[in-house]
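S.K.: The sequence isn't on hand, but the structure is:
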């Protein structure tokens, strides 16, 4: 029977797995349930801020006076641009993004412009000054460029007519003068003096209007000067110049992108990608990916960024593409989570434990080394889901099976193998999480068949608050009632009673992804049992550092310390223990995770049974799956 449970049981993931798979939230703002259309793209533009770092901005809802802090990522395309995609919900009902107020990291209120694009997607443009806002509003329009093209064409024709009237010697002199101006312009261009270079290329074009390369270089200088319409007008007249077609199409597409003519820009970038140019094709794919991402067209955006990684030989460009793929993963995961109806997980993992503890005897040392298997799974369903309130139900099973290192069974080890079954009804409201739960623990106190040992009812209340842009405080209070079913010879050994736990987690965020963090946990637990031998108080302290480890997957190092005092026991005792845990996660596939860890624990006590050293090596394979509403309808 136990082998059957070993293979097919369902149970919740162990605490280590939860820590690996659920790092602290990246964004302090309340992320609400939504669709791609309910997401808001917020962009901040500044002509004065000069930093490559991500920026923290504060959002204020004037109606409720609620506040939140969000992080904007620096754009790798456009200088002076930071961007974020959010779904922010401050209170019950819908929050109107047009009425929100935004403040920069120094607390200065920003100028803003609300836009809804052709797909109904909401965008908020932020500016540090009114001048920047007016400059953005004064975007040149297409007919102005058409006028520029006509004027440039007329001017080119007039110069050509003048050139045709010159003698051969005069033409040769004009060509030589043009070359001098063009050579000087190239030196200026390489020095980054684009305005001066443009002026010299314009003069070179006047002396030699038939040389389309000068006209082309003039157009590139205008692009560098952000005169995108004029640049496009001259690029349209430079067709036939002895330049790489991929390069010319690339700058046409870049001008179109800067003018926010995204459809035309995408067409141009597609042409450049087809040229298979070693440098420009990956860049074209990168910018095309950004346009699709900004439009929240995540599948084509993903294909473009994956193409960058396949084609590019530029490590920096590869890193930027990888960052964007990670961001797409987060956005798609968020959107998918809003459609999730059911979810389940299965896991199994072999372990080595140098000294198994008997939890039925308050974690007393058995002195027996063991090979153990931890296995199980969980199943959950969302019953009710709204932006500020969701209600779900979960069931789980968790089991251990242990043998000696020679694979032989042992009665002492069987007393330490606990089977836990639980049902919980999590309710998330605003920044609070309420989790009532009912748990049964089955043990084998004498090494035989397992029987019901402890029945527990628990209520946990958790709250998360943003202290600063890089500090989170997570507070948790848990109260429980335990009913012991174990047979005892004295009422002093009864484990029936109540249990209260308070835990504060101070989380320092070192990056915007929430991967690189330092967590300080301060806890206190009080067990008030009927039997005096199990009454205890337990203060605890833990430090956890999470980071991107091997394979760019999450890893952690954790140090724990606690002191548990049984001052009312027949034989009063105090246990002090510290432990070191190192763990690494590996994403094997979209639904598969692998976790491996090593842990060392040292315990001291005035009672010999609770004085021990031990180490563990653990592994865990987890399969997780969510079933979404649209999947359910197709079945």
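M.R.: Thanks, I have the structure now. These numbers were taken from a predicted model, which means no experiment stands behind them.

S.K.: Next secondary structure element downstream of the longest helix that the chain contains?
M.R.: For the chain, the longest helix by residue count, based on DSSP state H, is helix 315-339. Reading on from helix 315-339 to the C-terminus, the next helix or strand found by DSSP states H and E is strand 340-353.

S.K.: got the contact list for that following strand?
M.R.: Around strand 340-353, the neighbours that count as contacts under CB atoms under 8 Å, 6 or more residues apart in numbering are 10-13, 17, 369-382, 402, 595, 614, 616-629, 632. Heads up, the C-betas are built off the backbone N, CA and C, glycines and all.

S.K.: Go ahead and build a PyMOL selection from the buried members of those residues.
M.R.: Buried subset of the contacts of strand 340-353, written as a PyMOL selection, criterion 16 or more other CB atoms under 10 Å:
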select buried, resi 10+11+12+13+17+369+370+371+372+374+375+376+377+378+379+380+382+402+595+614+616+618+620+622+624+626+628
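
S.K.: give me the number of residues near residue 412?
M.R.: Residue 412: 15 surrounding residues under other CB atoms under 10 Å.

S.K.: hang on, I meant residue 544
M.R.: 19.

S.K.: Bridging across strands, which residues link to it?
M.R.: For residue 544, the beta-bridge partners are residue 519, residue 558 (DSSP bridges).

S.K.: I figured it hits residue 554, correct?
M.R.: No - between residue 544 and residue 554 there is no contact under CB atoms under 8 Å: 11.6 Å.

S.K.: related to what we said a few turns ago, name the helices or strands packed onto the longest helix of the chain?
M.R.: In this structure, helix 315-339 packs against helix 280-294, helix 298-311, strand 612-628, with contacts taken as 3 or more CB pairs under 8 Å, 6 or more residues apart in numbering; DSSP states H and E.

S.K.: can you list these in TSV and add mean pLDDT and distance to residue 440?
M.R.: Output for the helices and strands packed on helix 315-339, formatted as TSV (pLDDT from 0 to 100; distance: least, CB to CB, whole Å):
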stretch	mean pLDDT	distance to residue 440
helix 280-294	93	48
helix 298-311	92	43
strand 612-628	94	23
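
S.K.: of all those, which lies closest to residue 581?
M.R.: Nearest to residue 581 among the helices and strands packed on helix 315-339 is strand 612-628; the distance by CB to CB comes to 8.9 Å.

S.K.: List the strands paired with the closest one, with their directions.
M.R.: Applying DSSP bridges, strand 612-628 is found paired with strand 340-353 (antiparallel), strand 592-605 (antiparallel).

S.K.: and residue 325, what does it touch?
M.R.: Contacts of residue 325 by CB under 8 Å, 6+ apart are 302, 305, 306.

S.K.: Let's see that with 6 Å instead.
M.R.: residue 305 (CB atoms under 6 Å, 6 or more residues apart in numbering).

S.K.: With residue 273 instead?
M.R.: Contacts for residue 273 were tallied using CB under 6 Å, 6+ apart; they are 281, 284, 285.

S.K.: From residue 265, how far off is residue 258?
M.R.: 9 Å (CB to CB, to the nearest Å).

S.K.: Could you list the low-confidence segments of the stretch 301-450 of the chain?
M.R.: Per-residue confidence of the stretch 301-450 of the chain (counting by pLDDT under 70) places the weak regions at 337, 387.

S.K.: switch to 80 and redo it
M.R.: Applying pLDDT under 80 to the stretch 301-450 of the chain flags residues 330, 332-340, 360, 385-388, 446-448.

S.K.: quick one: the strands in the stretch 51-200 of the chain?
M.R.: For the stretch 51-200 of the chain, the strands defined by DSSP state E, counting those that start in this stretch occupy 55-61, 66-74, 81-86, 101-103, 111-116, 122-127.

S.K.: How many residues are close by residue 367?
M.R.: Residues near residue 367, counting by other CB under 10 Å, number 12.

S.K.: element containing it?
M.R.: Using DSSP H and E, residue 367 sits in no helix or strand.

S.K.: Name the nearest residue to it, ignoring sequence neighbours.
M.R.: residue 355 (6.2 Å; CB to CB, 6 or more residues apart in numbering).

S.K.: so is residue 522 in a helix, a strand, or just coil?
M.R.: Under DSSP: H, G, I helix; E, B strand; the rest coil, residue 522 falls in the strand class.

S.K.: Can you tell me the closest non-neighbouring residue to it?
M.R.: Distances taken as CB to CB, 6+ apart place residue 504 nearest to residue 522, at 4.9 Å, with adjacent residues excluded.

S.K.: Now do the contacts for residue 462.
M.R.: With CB under 6 Å, 6+ apart, residue 462 has these contacts: 433, 476.

S.K.: and if we set it to 7 Å?
M.R.: Shown in contact with residue 462 (CB atoms under 7 Å, 6 or more residues apart in numbering): 432, 433, 474, 475, 476.

S.K.: Any of those buried? List them.
M.R.: 433, 474, 476.

S.K.: picking up where we left off before, can you lay out the strands paired with strand 612-628 as TSV showing distance to residue 328?
M.R.: Shown next, in TSV, are the strands paired with strand 612-628 (distance: least, CB to CB, whole Å):
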stretch	distance to residue 328
strand 340-353	18
strand 592-605	20
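
S.K.: Nearest to residue 499 among those would be which one?
M.R.: The minimum distance between residue 499 and the strands paired with strand 612-628 falls on strand 592-605, with 20.7 Å, by CB to CB.

S.K.: So what touches that closest one?
M.R.: For strand 592-605, the external contacting residues (CB under 7 Å, 6+ apart) are 16-17, 20-21, 573-588, 610-623.

S.K.: Filter the residues you listed down to the buried ones and hand me the PyMOL line.
M.R.: The buried residues among the contacts of strand 592-605 can be selected in PyMOL (16+ other CB under 10 Å) with this line:
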select buried, resi 16+17+20+21+573+574+575+576+577+578+579+581+583+584+585+586+610+612+614+615+616+618+620+622
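
S.K.: Low-confidence stretches in the stretch 101-250 of the chain?
M.R.: The stretch 101-250 of the chain contains residues with pLDDT under 80 at 115-123, 132-171, 210, 237-244.

S.K.: could you redo the last one with a cut-off of 90?
M.R.: Along the stretch 101-250 of the chain, the model assigns pLDDT under 90 to residues 101-178, 202-215, 226-248.

S.K.: which residues does residue 371 contact?
M.R.: Counting by CB under 7 Å, 6+ apart, residue 371 makes contact with 350, 352, 403, 405, 407.

S.K.: Could you verify my assumption that residue 464 touches residue 431?
M.R.: Yes - counting by CB atoms under 7 Å, residue 431 is a contact partner of residue 464 at 5.5 Å.

S.K.: out of those two, which sits in the more crowded spot?
M.R.: Between residue 464 and residue 431, residue 464 has the larger neighbour count (other CB under 10 Å), namely 18 against 13.

S.K.: Identify the bridge partners of that one.
M.R.: Beta-bridge partners of residue 464, counted by DSSP bridges, are residue 474.
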